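Colleague: Here you go, sequence then predicted model.
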Amino acid sequence: MIKAIYSNGNACPHVFCDACGQDLSLDPGLGLAVVNPETDEVKFVCKLSLNPKCEQSLGSNQQGAKWIWTELHSFCDQLQHNTRL
Ligand SMILES: [Zn+2]
């Protein structure tokens, strides 16, 4: 999930693991953006190396298909490109 962290009165967006709440913005190499190909829902989770329970909590979607995984930093690059920021 994306939440605001307040610093010096400014709201700064950070990315948090949807499973455990870890702030993934502190090191984007530790997180994944995952897409459910059936619903296009996007979730953010810790990589296995940081917390195995977070990836495992996603399970499979209703048809048993896997989520589509993307490195968090690549997802953010694509988001920035697609929003033309
Ligand atoms: Zn996590």
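Modeller: Noted; the coordinates are in hand. Numbers count the residues shown, from 1 in each chain.

Colleague: State the phi and psi torsions of the nearest residue to Val35 once chain neighbours are set aside.
Modeller: Closest residue in space to Val35, ignoring its immediate chain neighbours: Ile68 at 4.4 Å, by CB to CB, 6 or more residues apart in numbering. All C-beta spots, glycine's among them, are computed from the backbone N, C-alpha and C. Main-chain torsions, Ile68, degrees, to the nearest 10: phi -90, psi 120.

Colleague: ok, and the helix or strand in the chain with the lowest average confidence?
Modeller: Among the helical and strand segments of the chain, the one scoring lowest on mean pLDDT, DSSP states H and E is helix 52-56, with a mean of 81.

Colleague: Direction included, what does the helix or strand just after it pair against?
Modeller: Note on helix 52-56: by DSSP states H and E, the next helix or strand toward the C-terminus is strand 68-71. According to DSSP bridges, strand 68-71 forms sheet pairs with strand 31-35 (antiparallel).
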